[in-house]
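S.K.: coords below, sequence missing:
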């Protein structure tokens, strides 16, 4: 039997000088295989400079709807490409899943993180959010405690307004910060996995498009941060953007909600009409609360099978 000299280190970012220690292990013990994990993406990024050309860093996305079905309900279905989703391949999987709309509603509320079955899921998630805003980001960006609290306030404002086009001057007044710092705050909060910024498409791969809308990263955050029931329209757009940006470049659309590969997607409820995309080629209506699609109408849950 082949013996592998390997170590698994969890929550590596909590160790002092962790990146330098790993660098020394790599240089001095070439036969040692090390797999390390960390829950703070910012701390991992900060320490990765010492590990350039030595470690392969992988970002672990939250659970897709497909992964949620397997982990929480023991239902196994294959990954569907965007092309397969558009060709209504999900119809063949409906008998396996049973009640996709019911499961999808559960997923929106508590299915994105693997500890969603915990009875204290929401308090736990809220603690993670506070830790990220008030500790992880300030440490990474050399901010003081007061700035960390402003970040948490900014996230709360975003949660109550998404999706919205950011007004830096207005936000700066609300959190009592400099307008010049707001763009940086958005960058850090996005890097920490709390929000996602939808940009316009540009012709250059080297230039980021202008931010058109800001969303919470995933719908579970909306339930955690909202003082009342989250707006269902916001949840639909949030989950579509969240699930599709893993394997696709997603941009804002001139007439619909999203543009992927020059195709237009308008997201809504089961009563959504074709009016928004009338006259457009390669345009689709994505409806919540339906189990089957037809022609250019697709069920929202099917886009959760993309990874």
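M.R.: Received, thanks. As the structure is a computational prediction, the values presented were derived from the model and not from experiment.

S.K.: so, low pLDDT: which residues of the stretch 151-300 of the chain?
M.R.: The stretch 151-300 of the chain contains residues with pLDDT under 70 at 204-207.

S.K.: in the chain, which spans are helices?
M.R.: Listed in chain order, the helices found in the chain under DSSP state H are 18-28, 41-47, 65-73, 82-86, 94-97, 100-110, 121-131, 137-141, 145-159, 168-175, 179-191, 219-225, 232-244.

S.K.: save these as CSV, and put in mean neighbour count and distance to residue 281 too.
M.R.: C-beta coordinates here come from the backbone N, C-alpha and C atoms, glycine included. Putting these into CSV (neighbours: other CB atoms under 10 Å; distance: least, CB to CB, whole Å) gives the following:
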stretch, mean neighbour count, distance to residue 281
helix 18-28, 15, 50
helix 41-47, 19, 39
helix 65-73, 20, 28
helix 82-86, 16, 14
helix 94-97, 14, 28
helix 100-110, 20, 29
helix 121-131, 16, 41
helix 137-141, 19, 43
helix 145-159, 18, 34
helix 168-175, 15, 36
helix 179-191, 16, 32
helix 219-225, 23, 30
helix 232-244, 22, 20
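
S.K.: can you list those helices in JSON lines and add distance to residue 255?
M.R.: Conversion of those to JSON lines gives the following (distance: least, CB to CB, whole Å):
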{"stretch": "helix 18-28", "distance to residue 255": "47"}
{"stretch": "helix 41-47", "distance to residue 255": "34"}
{"stretch": "helix 65-73", "distance to residue 255": "27"}
{"stretch": "helix 82-86", "distance to residue 255": "18"}
{"stretch": "helix 94-97", "distance to residue 255": "30"}
{"stretch": "helix 100-110", "distance to residue 255": "26"}
{"stretch": "helix 121-131", "distance to residue 255": "34"}
{"stretch": "helix 137-141", "distance to residue 255": "36"}
{"stretch": "helix 145-159", "distance to residue 255": "25"}
{"stretch": "helix 168-175", "distance to residue 255": "26"}
{"stretch": "helix 179-191", "distance to residue 255": "26"}
{"stretch": "helix 219-225", "distance to residue 255": "24"}
{"stretch": "helix 232-244", "distance to residue 255": "15"}
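
S.K.: in the stretch 201-307 of the chain, which spans are strands?
M.R.: 211-216, 250-252, 258-260, 263-268, 283-287, 297-299 (DSSP state E, counting those that start in this stretch).

S.K.: who wins for proximity to residue 117 among these?
M.R.: Nearest to residue 117, of all the strands of the stretch 201-307 of the chain, is strand 211-216, at 21.6 Å by CB to CB.

S.K.: ok, and what's touching that closest one?
M.R.: 158-159, 162-166, 186, 194-200, 222, 225, 234, 237-238, 241-242, 252 (CB atoms under 8 Å, 6 or more residues apart in numbering).

S.K.: let me know how buried residue 14 is, in neighbour terms.
M.R.: A total of 11 residues lie near residue 14 under the criterion other CB atoms under 10 Å.

S.K.: contact partners for it?
M.R.: residue 38.

S.K.: that one and residue 152, how far apart?
M.R.: According to CB to CB, to the nearest Å, residue 14 and residue 152 sit 21 Å apart.

S.K.: looking at the helices of the chain, which is closest to residue 208?
M.R.: Distances from residue 208 to each of those were compared using CB to CB; the minimum, 10.4 Å, belongs to helix 179-191.

S.K.: quick one: list the elements packing against the closest one.
M.R.: Other elements packing on helix 179-191 under the criterion 3 or more CB pairs under 8 Å, 6 or more residues apart in numbering; DSSP states H and E are helix 41-47, helix 137-141, helix 145-159, helix 168-175, strand 195-199.

S.K.: in a markdown table, list these along with distance to residue 286.
M.R.: Rendered in a markdown table, the data for the helices and strands packed on helix 179-191 read as follows (distance: least, CB to CB, whole Å):
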| stretch | distance to residue 286 |
| --- | --- |
| helix 41-47 | 29 |
| helix 137-141 | 33 |
| helix 145-159 | 23 |
| helix 168-175 | 30 |
| strand 195-199 | 15 |
